[in-house]
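Colleague: this is a predicted model, with the sequence first.
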Amino acid sequence: MKNSVKVSALILFGVFTFACATLTNTQNSQATQPPAISTEAQPTAKAELTEADIIAGIQTTLNTFAQAYAKGDVELLSTTLDLENKPFSRFIKTRFQTDIESYNGTGNLDTYEVAYITQREYNLVQVHIIYDEVAAVDWVFRELDDGRWVLTEPTVEQTGEMVITDSDYFEFRTYPWADDVNSKVEELMQNARDRVEQKLGKVPEEKIEVEIIPTYGLYPFDDPNAVAYYSFNGSLSGEGDRMVIYAPNSYLFSWYYIEYGWERELEDVLTHEYTHMTHARSFGNAGRLADWIVEGLAEYVDGISRAYTLADALENDALIPLVDTTPGVVRKQDIAHIYALEKDIGLAYAEAEALVAFIVEEHGGFDAFWEFANAYDDVGGDLDKALQKSLNISQTKFEASWMTWLKEIYLPRYVN
């Protein structure tokens, strides 16, 4: 039996205060005097917008949004954003800056086409958008006083009261704004757990808190480059471990392939994050000293392919080095330090997954991978020593054979 609990004290207090103020105003009003009639000209009521009007207005904003990305113009981007929603607009600008500084980040004019709209509360409009004819996103817009439509998201108050639902392995924390997707989360989360167990052979018994976030404003200081994350508490009991996933009907979830649908995309993301928990709880977080081991494993288990990104970078000699040997550099720009990268984060994840796949498929399965990961920690993060200790191969030979495998086996598997 699952239990649901609502966290509502703050919101109820706000409603109670408003209700008392309204009652007091009513009691103090003078009903015997008719209201004064103003002789000033009254503003003309705004014409009711049709659905076609709304779609046209939002489409204009999307066209400008695409142009801003193509030009790398943050000022133009700002004209498409709800600047009154400061955490959200800051988030989009930060992600924009990261995107345009990344490999192949500007110069391409993407197409965003409004497929249909759904009227939501608070005069907000949920918009289903087709992206470059192959993918979709679901974003929220609102109309400004000057008639422009801007990209926004519901405020923290508008997302509704948090609902906590308990099950055997998960404690779900959801918000009513995303109820159109929340009902699917428990099923997808269990599917993710099953997939990880099938791939890695075991999963943790500890329960994890899973929060589905419909708005960036709930955690305005989170990394704006992450659409989901797992937080390892470090306690032996596992209490305090949590996973944050941004809802599919939010800007933060980003686009998903129309062919697959958001359900498959979400399950893959949940699989990725639950792999992190399994890595930490069931395998001692082996390889913790290298970001690519941690993220590459999760990418390999979740099955999300970034092969096209990898193929393009390989063709243009733009791969990120396994080890940054630049002397005196504190913020290393290499695969071992994905979380410190200033750009090309998607490419880094693609390389990390391919490295894990290479070890698992060509050097002895997961037993060899865990042996290497533990060796990496034992030698203090020296890649060459770890490879020789575990796989009996030098870093130079490893990289050369990995490159050959990428071109002849891995990439042909995904890229025509």
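Modeller: Yes, it's here. Residues are numbered from 1 along each chain as shown.

Colleague: all strands for the stretch 251-400 of the chain, in order.
Modeller: Assigned by DSSP state E, counting those that start in this stretch, the stretch 251-400 of the chain shows strands spanning 256-257.

Colleague: shaky segments in it?
Modeller: 328-330 (pLDDT under 70).

Colleague: how about the helices in it?
Modeller: Ranges of helices within the stretch 251-400 of the chain are 261-282, 291-302, 307-315, 345-362, 365-378, 383-390, 395-405, based on DSSP state H, counting those that start in this stretch.

Colleague: export those helices to a markdown table and tack on distance to Ala115 and mean neighbour count?
Modeller: C-beta here means a position set from N, CA and C on the backbone, and glycine is covered the same way. What follows is the helices of the stretch 251-400 of the chain, written out as a markdown table (distance: least, Cβ to Cβ, whole Å; neighbours: other Cβ atoms under 10 Å):
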| stretch | distance to Ala115 | mean neighbour count |
| --- | --- | --- |
| helix 261-282 | 14 | 22 |
| helix 291-302 | 27 | 25 |
| helix 307-315 | 24 | 17 |
| helix 345-362 | 25 | 22 |
| helix 365-378 | 42 | 18 |
| helix 383-390 | 47 | 19 |
| helix 395-405 | 41 | 15 |
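
Colleague: could you export these as CSV, including distance to Ala68?
Modeller: Putting the helices of the stretch 251-400 of the chain into CSV (distance: least, Cβ to Cβ, whole Å) gives the following:
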stretch, distance to Ala68
helix 261-282, 25
helix 291-302, 29
helix 307-315, 22
helix 345-362, 20
helix 365-378, 42
helix 383-390, 40
helix 395-405, 37
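
Colleague: residues contacting Leu83?
Modeller: With Cβ atoms under 8 Å, 6 or more residues apart in numbering as the criterion, the residues that contact Leu83 are 89, 150.

Colleague: hmm, 10 Å instead?
Modeller: Applying Cβ atoms under 10 Å, 6 or more residues apart in numbering to Leu83 gives the contacts 89-90, 93, 144, 150, 152.

Colleague: nearest to Val181, of the helices of the stretch 251-400 of the chain?
Modeller: Smallest distance to Val181 across these (Cβ to Cβ): 7.4 Å, for helix 261-282.

Colleague: which one of the contacts of Leu83 is nearest to Gln395?
Modeller: Proximity of those to Gln395 (Cβ to Cβ) peaks at Lys93, which lies at 39.2 Å.

Colleague: which residue comes closest to the closest one once chain neighbours are left out?
Modeller: Closest residue in space to Lys93, ignoring its immediate chain neighbours: Val74 at 6.1 Å, by Cβ to Cβ, 6 or more residues apart in numbering.

Colleague: ok, Phe358 next?
Modeller: Nearest residue to Phe358 in three dimensions, chain neighbours excluded: Trp402, at 5.2 Å (Cβ to Cβ, 6+ apart).

Colleague: how much space between the one you found and Tyr300?
Modeller: Plainly put, Trp402 is 14 Å away from Tyr300 if you go by Cβ to Cβ, to the nearest Å.

Colleague: equivalent analysis for Val181, please.
Modeller: For Val181, the distance to Tyr300 equals 26 Å [Cβ to Cβ].

Colleague: and the helix or strand where Ile55 lies, how far out from the chain middle?
Modeller: Taking DSSP states H and E as the definition, Ile55 sits inside helix 51-71. Helix 51-71 sits 23 Å away from the centroid of its parent chain (Cα atoms, centre = their mean, to the nearest Å).

Colleague: for that helix, enumerate the helices and strands it packs against.
Modeller: Applying 3 or more Cβ pairs under 10 Å, 6 or more residues apart in numbering; DSSP states H and E, one finds that helix 51-71 contacts helix 74-78, helix 86-101, strand 112-119, strand 125-131, strand 135-143, strand 149-152.

Colleague: can you say which of the ones you listed is nearest to Ala336?
Modeller: Nearest to Ala336, of these and by Cβ to Cβ, is helix 86-101 at 19.8 Å.

Colleague: who are the neighbours in contact with Thr111?
Modeller: 62-63, 66, 129-133.

Colleague: how does it look with 6 Å?
Modeller: With contact set as Cβ atoms under 6 Å, 6 or more residues apart in numbering, Thr111 has these partners: Asp132.

Colleague: just the pLDDT for it.
Modeller: Looking at Thr111, its pLDDT reads 92.

Colleague: do the one 4 residues further on as well
Modeller: At Ala115, the pLDDT value in this model is 97.

Colleague: and what of Ala9?
Modeller: 26.

Colleague: likewise for Ser235?
Modeller: 66.

Colleague: what about the closest residue to Ala280 other than its chain neighbours, how many neighbours?
Modeller: Leaving aside its chain neighbours, Ala280 sits nearest to Phe232 (4.7 Å; criterion: Cβ to Cβ, 6+ apart). Phe232 has 16 neighbours, counted by other Cβ atoms under 10 Å.

Colleague: same thing with Arg288?
Modeller: Using other Cβ under 10 Å, Arg288 is surrounded by 16 other residues.

Colleague: now Tyr410
Modeller: For Tyr410, using other Cβ under 10 Å, the count is 21.

Colleague: contact partners for it?
Modeller: Applying Cβ under 6 Å, 6+ apart to Tyr410 gives the contacts Ala354.

Colleague: from Ala354, how far off is it?
Modeller: Separation of Tyr410 from Ala354 (Cβ to Cβ): 6 Å.
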